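Visitor: take this sequence and fold it.
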Amino acid sequence: MARRIIIGESGGPTPVIDWEVAGALDAAQEAGVQMYGMINGLEGLLNANIEGNIVDLSGMDPMSFVFNGPGAGLKTTRIKPKEREYKKIAENLAALGVDGVIYTGGNDSADQLLGLTRVADVAAIHAIKTVDNDLPVTHHCPGYGSAALYNATALKNVHTDFSGYAVMANFERDGKVMRGLDVAPVVVYQVMGRKAGWLAQATAFVRVDPKGDMVPDAPPHVILCKEELFDKAAFLAKVEDTLTRLGQCVIVVQEDLTDKDAGKSIAEVYATEVVYDEHGNIQHGRATSFSPATFLAGLVGSELKVDAVPGKVKDCVLNPQHIQRSCMMSSVDASEAFKVGYASVRAMLDGETKKSVILERRDGVTRTGLTDLSNIAAKERQVPAEYIVGIEGPTQAFVDEFIYLIGGPVALPHYSKMKFARVAVPETVKASPYIRRK
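Guide: Numbering: from 1, shown residues only. Take a look at the predicted model:
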């Protein structure tokens with residue numbers, strides 16, 4: 001049984017990643033086991049000679065991590081260690097007298113921990129977390145619910161704000177007066193998710209009424225994700241239909257899509273330059289990165305022709321990037337993250353190693369479980385096909401299964417629609433309409 005454990009955080013932070021540390025520290029203190037923390041994950045452990053990179057958490061109140069605010073209290077890293085770096089980390093662990101490593105993160109972090117076990121004689125437990133929710137085996141991942149809550153709340157309010165820009169006017173076509181949209185608002189909202197569309201599909205929570213049922217024609221009207229090949233013609237046709245029927249359109253796109261014709265990332269097809277990180281992932285959040293939302297808005301503005309919109313399409317590109325994973329926290333998500341952290345230490349003290357703590361859900365109840373670390377490391381899980389209805393988004397079954405993670409439908413704002421009494425316009429006004437000249 002491990003007697004001195006070290007814990008680290010890796011990958012993109014979430015609003016609840018520190019709840020995992022709090023749960024782990026609580027379990028360690030309960031068992032009387034000393035717990036160290038590595039600042040900046042394995043990168044801090046690699047540079048253990050730098051004072052402050054290794055800290056003693058044993059005497060800390062676990063709740064101090066909970067009240068630390070969003071982000072990683074121990075700081076994070078995206079390092080991909082080389083073989084000689086793994087060996088140095090192993091040497092540092094031995095020198096510190098550490099015989100157990102807890103590492104929070106996604107599939108890349110799991111892969112790093114697995115690599116460490118090949119050279120270090122330590123027990124190793126991976127605590128899952130990722131807003132992308134793209135890890136196999138587990139029902140879902142800590143971090144996903146909180147990011148989904150932010151995106152749904154933001155989109156609900158953005159739509160209410162931006163829809164007010166829709167303007168009807170009179171136009172002349174072929175010698176006849178017609179009515180059409182002088183301004184048609186189109187919102188393009190980009191969510192995180194490199195390889196899977198879990199966050200994109202969760203934006204459909206915006207559509208639900210207080211009972212949890214999806215309302216027809218409620219936004220978002222188009223949801224583009226990695227699971228569905230990007231078909232430019234089909235996309236433009238869907239936007240045209242939505243603008244014709246509703247006079248506005250809300251589009252959600254995840255940070256990467258696969259082009260139907262080219263069979264590769266749209267960034268590799270349309271970008272002038274593609275930037276990759278250490279793990280070979282295409283970068284989407286840097287100043288010079290390709291933005292699918294900006295690309296789609298450009299397509300709508302340059303290639304879309306809609307008879308019902310003689311005027312112009314007013315686009316709004318929103319890429320909340322880090323905001324979506326830091327600004328709101330789901331209490332359900334936080335509670336489950338604490339349990340994952342707690343279970344990671346308990347598993348190690350029970351003699352487990354090379355395992356990932358996962359979440360299992362049966363009969364409406366969520367519990368922690370274990371799977372082999374190799375089942376998570378460098379692997380991905382996309383949204384099952386039965387949950388997706390093309391670019392229209394998810395099924396009601398998807399909503400029913402996952403909306404509890406944000407706290408249910410009651411966690412979202414639900415606005416009533418105003419009803420106006422129309423004024424009878426005099427016939428003289430009707431007979432002399434103002435013709436909008438383009």
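
Visitor: domain assignment for this protein?
Guide: According to automatic domain parsing, the chain comprises the domains 4-129+329-375, 144-319+383-411.

Visitor: looking at the ones you listed, which is closest to residue 138?
Guide: Smallest distance to residue 138 across these (CB to CB): 3.7 Å, for domain 4-129+329-375. In short, each C-beta sits where N, CA and C put it, glycine included.

Visitor: need the longest strand for the chain.
Guide: strand 176-191 (DSSP state E).

Visitor: how about the strands in the stretch 51-200 of the chain?
Guide: With DSSP state E, counting those that start in this stretch as the criterion, the stretch 51-200 of the chain has strands at 54-56, 100-105, 123-128, 167-173, 176-191.

Visitor: now the stretch 1-150 of the chain, which segments are flagged as low pLDDT?
Guide: Along the stretch 1-150 of the chain, the parts satisfying pLDDT under 70 run over 1.

Visitor: recalculate using a threshold of 80.
Guide: For the stretch 1-150 of the chain, the stretches flagged by pLDDT under 80 are 1-2.

Visitor: quick one: which of the strands of the stretch 51-200 of the chain is nearest residue 18?
Guide: Comparing the strands of the stretch 51-200 of the chain by CB to CB, strand 100-105 comes nearest, at 9.4 Å.

Visitor: now do the helices in the stretch 151-300 of the chain.
Guide: With DSSP state H, counting those that start in this stretch as the criterion, the stretch 151-300 of the chain has helices at 198-202, 232-246, 266-270, 292-303.

Visitor: name the strands paired with whichever helix or strand comes after the last one and say parallel or antiparallel.
Guide: The reference is to helix 292-303. Next along the chain after helix 292-303, taking DSSP states H and E as the criterion, comes strand 312-318. Here strand 312-318 is paired, per DSSP bridges, with strand 176-191 (parallel).

Visitor: quick one, what contacts residue 196?
Guide: When contacts are counted by CB atoms under 8 Å, 6 or more residues apart in numbering, residue 196 touches 132, 133, 134, 225, 226, 227, 380, 381, 382, 383.

Visitor: so how many other residues sit close to the nearest residue to residue 267 once chain neighbours are set aside?
Guide: Spatially, and ignoring its direct neighbours in sequence, residue 267 is nearest to residue 290 (4.1 Å; CB to CB, 6 or more residues apart in numbering). Per other CB atoms under 10 Å, the neighbour tally for residue 290 reads 23.

Visitor: hmm, residue 274 and residue 290 touching each other?
Guide: Yes. Residue 290 is within contact range of residue 274, at 6.7 Å (criterion: CB atoms under 8 Å).

Visitor: shared neighbours of the two, anything?
Guide: With CB under 8 Å, 6+ apart as the test, residue 290 and residue 274 both reach 267, 282.
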